[in-house]
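Visitor: Predicted model and sequence below, questions to follow.
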Amino acid sequence: MKTIVILISLIVSSSIHAQVILDTLYANNKKNVALFFPKPIRQGITGASHFVFTYNRETKQYFGLLQAQPGEASNLLIVTDDGQVYSYILKYAEQLPKLNYFMSKTESIGTEVPLLVKPKPKQIALDSMEKSLAYYKSFSKYLLKTNPKRLASKKRNGIKLQLQKMVYHKSVTFLVMEVSNTSGITFETNFLKVYSVSGNKKRKASYQRLEMKPIYICNHPYRIWNGQLLRFVYVLPKYVLGDKEKLLVELQELNGGRKVKLETRL
């Protein structure tokens, strides 16, 4: 296991004589656990590679996402834009007690002291989760009003899945898709997942399938009635497929065996 040594100076109140008892956060590889902080995140580090904490490094935001693979407990260290330091124990769990954590400043274990103190002008955070979601929503609705095209299409058991547009805008990718139902039976969605695929399925050693998780979904296709046609938008972190990579969209029915897989090189 790779050990990460973190050296950081902390100013802690002299009235605290006992060791701080750290809170425990639980995560797994099936769901995102969201951590919200009172100030934008400047740095986030986990103590082991089977725990992954992702946050926006280009535009500072107040939240990050935690995922984990099975393994031993580790720790998470967060430094926010105002120099406050937060520390937590990380554990893997199949069943998660919470999906969203809202941290308060009182949970800080101390304050970072930079080695070189340079005066900085005050910066106003240009982005926040609310502004980002508003942007995703407004641009998705704009795309749904544009004329549909067909980049790729797949039909099976009366369920037709179509990829109509793939738009790169700012730091995200918008996938405009459409699903229609002519099967005679209502289709309830278990999941719709997007993957980047490389290699050959027949050669398992070279075959790789990486799930690209959406950061926003506009007009989610939870249920498609018989005779209904539904357009929707998946918003993903910006990702450009390589020359030998393909895009795979997989639609799976809830409490049923119907499944549609759409694969394209674009």
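Guide: Sure thing, it's come through. These figures come from a predicted structure and were not determined experimentally. Numbers count the residues shown, from 1 in each chain.

Visitor: Is the spatially closest residue to residue 54 that is not a sequence neighbour in a helix, a strand, or coil?
Guide: Excluding the flanking residues, the one nearest residue 54 by CB to CB, 6 or more residues apart in numbering is residue 65, at 5.1 Å. C-beta: built from backbone N, CA, C; applies to glycine. Under DSSP: H, G, I helix; E, B strand; the rest coil, residue 65 falls in the strand class.

Visitor: And for residue 138?
Guide: Under three-state DSSP, residue 138 comes out as helix.

Visitor: same question, residue 143
Guide: Residue 143 - assigned by three-state DSSP - is helix.

Visitor: What of residue 184?
Guide: Three-state assignment for residue 184 (three-state DSSP): coil.

Visitor: Let me know the pLDDT of it.
Guide: At residue 184, the pLDDT value in this model is 95.

Visitor: Then residue 246?
Guide: Residue 246 is given a pLDDT of 91.

Visitor: and it, how many neighbours does it have?
Guide: 17 (other CB atoms under 10 Å).

Visitor: who touches it in this structure?
Guide: 196, 197, 198, 263, 264, 265 (CB atoms under 8 Å, 6 or more residues apart in numbering).

Visitor: Got the domain ranges for the protein?
Guide: 10-124, 130-264 (automatic domain parsing).

Visitor: Could you report the neighbour count for the spatially closest residue to residue 108 that is not a sequence neighbour?
Guide: Residue nearest to residue 108 in three dimensions, not counting chain neighbours: residue 84, with 4.1 Å by CB to CB, 6+ apart. Using other CB under 10 Å, residue 84 is surrounded by 20 other residues.

Visitor: wait, residue 84 sits on residue 103?
Guide: No: the pair residue 84 and residue 103 does not pass the contact test of CB atoms under 8 Å, sitting 9.6 Å apart.

Visitor: returning to what we had before: which of the domains of the chain has the lowest mean pLDDT?
Guide: domain 10-124 (a mean of 83).

Visitor: Give me the distance from that domain to the chain's centre.
Guide: 17 Å (CA atoms, centre = their mean, to the nearest Å).

Visitor: again with stretch 255-266
Guide: Counting by CA atoms, centre = their mean, stretch 255-266 comes out at 22 Å from the chain centroid.

Visitor: what number of residues lie near residue 76?
Guide: 22.

Visitor: Please tell me I have it right and it contacts residue 90.
Guide: Yes: using CB under 8 Å as the test, residue 76 is close enough to residue 90 to be in contact (5.3 Å).

Visitor: Between these two, which contacts overlap?
Guide: Joint contacts of residue 76 and residue 90 (CB under 8 Å, 6+ apart) are 25, 46, 47, 51, 66.

Visitor: right, and out of those residues, which lies closest to residue 154?
Guide: residue 66 (33.9 Å; CB to CB).
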